[in-house]
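In: coordinates for the following, if possible.
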Amino acid sequence: MKVYLGAESIISPSGNAEECFDKIKDGIAGVKNYAGRGFNKESFCLSSFEHHNFSFTQLLKNVILQSVKCFDEKVITSDKTLLIISSTKGDLSKGYAQALTAPATAIQKDLQLKHFPLIISNACASGVMAINAAAHLLQKKKYEHIIVAGIDLISDFILYGFQSLYALSNEASKPFDKDRKGINLGEGAAAIVVSTQSSAFKNECYRWLGGCTAGDANHISGPSRTGEGLYRSVIATLKESGLTNSDIDFVSAHGTATLFNDEMEAIAMNRLNMQHIPLNSFKGFFGHTLGAAGIIETAMCIQSMKKNVLLRSVGYVECGTSVPLHIIEKNTPEKINTVLKTASGFGGCNASLIIQKNS
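Out: Presented below is the predicted three-dimensional model:
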């Protein structure tokens with residue numbers, strides 16, 4: 001069964017999907033320094049909504065409705081439609097026990113959904129895993145349409161947690177660069193519709209060809225030094241897609257700008273013999289949006305495919321990994337047919353998916 005995706009929507013501090021594409025292309029920064037935002041008044045670079053008055057649930061609802069406007073809007077209340085929510089922490093204002101279930105309950109009621117949303121919270125691989133889960137459920141003929149929405153906001157709990165790991169940078173992050181100092185956290189929301197019916201999309205849609213997850217069980221917060229989990233995830237994704245590495249035109253990497261993550265990805269890409277394929281990280285622009293990252297970045301992959309432009313990896317100047325990668329250093333017009341998106345997260349989880357133009 002063929003699976004399609006599209007109707008991508010982003011709400012971020014830098015704007016919607018098209019606005020973000022244009023800003024990356026024009027070299028406009030998506031992160032900035034926030035003085036005294038961290039514990040003990042340390043300063044960090046973030047991509048953050050300023051002076052907003054919307055709630056977690058309002059933001060989630062808005063991005064879902066924006067996405068469905070580019071699809072058949074009637075499907076939102078259909079018995080054949082499911083909503084999947086991807087988030088690492090959910091709405092912490094509701095308390096830890098209700099952080100994920102409270103917004104899901106509110107969204108089901110507000111949008112009159114027939115089914116309670118499926119929640120996927122598996123660290124920073126959640127977004128890619130959510131898209132893959134949607135596609136596999138459709139292939140099992142459980143539903144006809146699945147809306148996949150990712151969201152995370154920066155709270156003190158999240159900020160101080162990453163700060164305690166010495167993972168944050170007080171400068172704009174530089175994924176894969178030799179002078180990288182760590183993560184910029186980001187906040188935002190994104191939604192993508194995954195469907196068995198290409199005719200329901202109002203604009204161009206794309207094929208989902210395959211996607212898999214693999215764990216490395218290396219460490220609670222540190223990835224495998226050999227890239228084993230990511231390597232196995234991509235191998236399985238290529239197999240499911242019926243493709244080889246030579247079919248991939250572009251890789252959207254996880255690229256957090258931490259020493260161990262970037263090195264792990266570089267090693268995995270070399271083991272896969274994919275080090276020559278153009279690759280970027282969007283986190284130098286959006287920051288790390290946690291459970292929303294995989295969906296925001298997949299939406300940006302779709303934008304790149306629509307406009308046939310390889311977007312530069314923001315912040316990259318000089319190789320900072322022990323093995324080479326083909327990092328995109330400047331925006332390059334290029335026909336993009338097939339894209340590999342990868343993601344990794346705490347606990348050794350790794351996920352990947354392949355999307356292709358619908359011919």
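In: who's in contact with the residue positioned nearest the centre of the chain?
Out: Nearest to the mean C-alpha position of the chain, counting by Cα atoms, centre = their mean, stands Gly294 at 1.5 Å. Contact analysis of Gly294 by Cβ atoms under 8 Å, 6 or more residues apart in numbering lists 86, 124-131, 150, 341, 343, 351. From N, CA and C alone the C-beta is placed, and that goes for glycine too.
In: may I see the buried residues of stretch 168-176?
Out: 168-169, 171-176 (16 or more other Cβ atoms under 10 Å).
In: what about it, distance to the chain center?
Out: Relative to the centre of its chain, stretch 168-176 is centred 18 Å away, using Cα atoms, centre = their mean, to the nearest Å.
In: distance between the ends of that stretch?
Out: 15 Å (Cα to Cα, to the nearest Å).
In: and if you look at stretch 89-96?
Out: Criterion Cα to Cα; first-to-last residue distance in stretch 89-96 is 8 Å.
In: and which of the contacts of Gly294 is nearest to Ser55?
Out: Distance to Ser55, by Cβ to Cβ, is smallest for Gly150 among the contacts of Gly294, at 16.6 Å.
In: need the next SSE after the helix or strand harbouring the closest one, C-terminal direction.
Out: Secondary-structure assignment from DSSP states H and E places Gly150 in strand 145-152. Sequence-wise, the next helix or strand downstream of strand 145-152 (DSSP H and E) is helix 156-164.
In: buried stuff in that following helix?
Out: Buried residues in helix 156-164 (16+ other Cβ under 10 Å): 158-159, 162-163.
In: strands of the stretch 51-200 of the chain, start to end?
Out: 81-86, 118-120, 145-152, 185-186, 188-195 (DSSP state E, counting those that start in this stretch).
In: and the third one, what does it pack against?
Out: Helices and strands in packing contact with strand 145-152 are listed as helix 56-68, strand 81-86, helix 126-139, strand 188-195, helix 293-307; criterion 3 or more Cβ pairs under 8 Å, 6 or more residues apart in numbering; DSSP states H and E.
In: select, out of those, the one closest to Gly15.
Out: strand 188-195 (10.1 Å).
In: show the end-to-end separation of stretch 176-193, please.
Out: Rule used - Cα to Cα; the end-to-end distance of stretch 176-193 is 31 Å.
In: buried sites along it?
Out: 176-177, 180-193.
In: just the residues you listed now: which is nearest Ile267?
Out: Phe176 (12.2 Å).
In: is it true that Gly38 touches Tyr160?
Out: Yes. In this structure Gly38 lies within contact range of Tyr160 using Cβ atoms under 8 Å: 7.1 Å.
In: can you pull the contacts of Ile235?
Out: Counting by Cβ under 8 Å, 6+ apart, Ile235 has contacts Leu272.
In: need the phi and psi values for it.
Out: In terms of degrees, to the nearest 10, the main-chain angles of Ile235 are phi -60, psi -50.
In: and the one 3 residues further on, by the same measure?
Out: In terms of degrees, to the nearest 10, the main-chain angles of Leu238 are phi -60, psi -40.
In: same deal with Ile354?
Out: Per degrees, to the nearest 10, the backbone of Ile354 is at phi -120, psi 130.
In: what of the one 4 residues further on?
Out: Asn358 adopts backbone torsions of phi -90, psi 100, taken as degrees, to the nearest 10.
In: now do the closest residue to it other than its chain neighbours, the pLDDT please.
Out: In space, Asn358 comes closest to Arg207 once its chain neighbours are excluded; the distance is 5.1 Å by Cβ to Cβ, 6 or more residues apart in numbering. Listed pLDDT for Arg207 reads 98.
In: then Phe39?
Out: 94.
In: was I right about Ile84 contacting Gly150?
Out: No. If you go by Cβ under 8 Å, Ile84 and Gly150 don't touch, sitting 9.0 Å apart.
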